[in-house]
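K.L.:
the following block contains a protein sequence and its predicted model.
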Amino acid sequence: MVRCKIRQFLDVFVLTAELLKTRNEPFTKEQILLIQHRYLAGDCWRELGIALGIDPRRLNSLKQNYKLVSERADQVLKKWIDVNGNDATVGRLACALIDIGKEEIVERLPGKPAFYFR
């Protein structure tokens, strides 16, 4: 059991390192729509924001200012892109999604080879 957990951790660690190294193209605001529809579960907007390093106070204001969780998710990604510019990469987004257990969304990121989670 412990050996299996260690193996899983190592697999995720290697995948994360590979994503950061190879997926260094900027993630753009235009690409938000490509993953948001049906795949960016609105219920993870807060977790994703925290994983992307967005200040919790900013996340609280999103909750107050946007009624729909899909709008909140959209704003989390836009804020992340605005703050990080070219450092807001597909690889960093993929790693944040893996950290919060949303591998199915990573599968939908633009340009990602299909073998990552197969």
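P.N.:
Cool, the structure landed.
K.L.:
how about the helices in this structure?
P.N.:
2-22, 29-39, 45-51, 56-65, 69-84, 90-99, 103-106 (DSSP state H).
K.L.:
show me what counts as buried in the fourth one.
P.N.:
This points to helix 56-65. Across helix 56-65, burial judged by 16 or more other CB atoms under 10 Å covers 59, 62. (C-beta placed from N, C-alpha, C; glycine too.)
K.L.:
which non-adjacent residue is nearest residue 69?
P.N.:
Of all residues not flanking residue 69 in the chain, residue 42 sits nearest, at 2.8 Å (CB to CB, 6 or more residues apart in numbering).
K.L.:
next, count neighbours for the one you found.
P.N.:
14 (other CB atoms under 10 Å).
K.L.:
can I assume it is in contact with residue 67?
P.N.:
No. Using CB atoms under 8 Å, residue 42 is not in contact with residue 67; the gap is 11.1 Å.
K.L.:
thinking again about what came up before, got a list of what the residue nearest to residue 69 touches?
P.N.:
Residues in contact with residue 42, defined by CB atoms under 8 Å, 6 or more residues apart in numbering, are 68, 69, 70, 72, 73.
K.L.:
quick one: least confident of the residues you listed?
P.N.:
Minimum pLDDT across the contacts of residue 42 is recorded for residue 70, with 85.
K.L.:
how about the nearest residue to that residue, chain neighbours excluded?
P.N.:
Here the residue nearest residue 70, using CB to CB, 6+ apart, is residue 42, at 4.9 Å.
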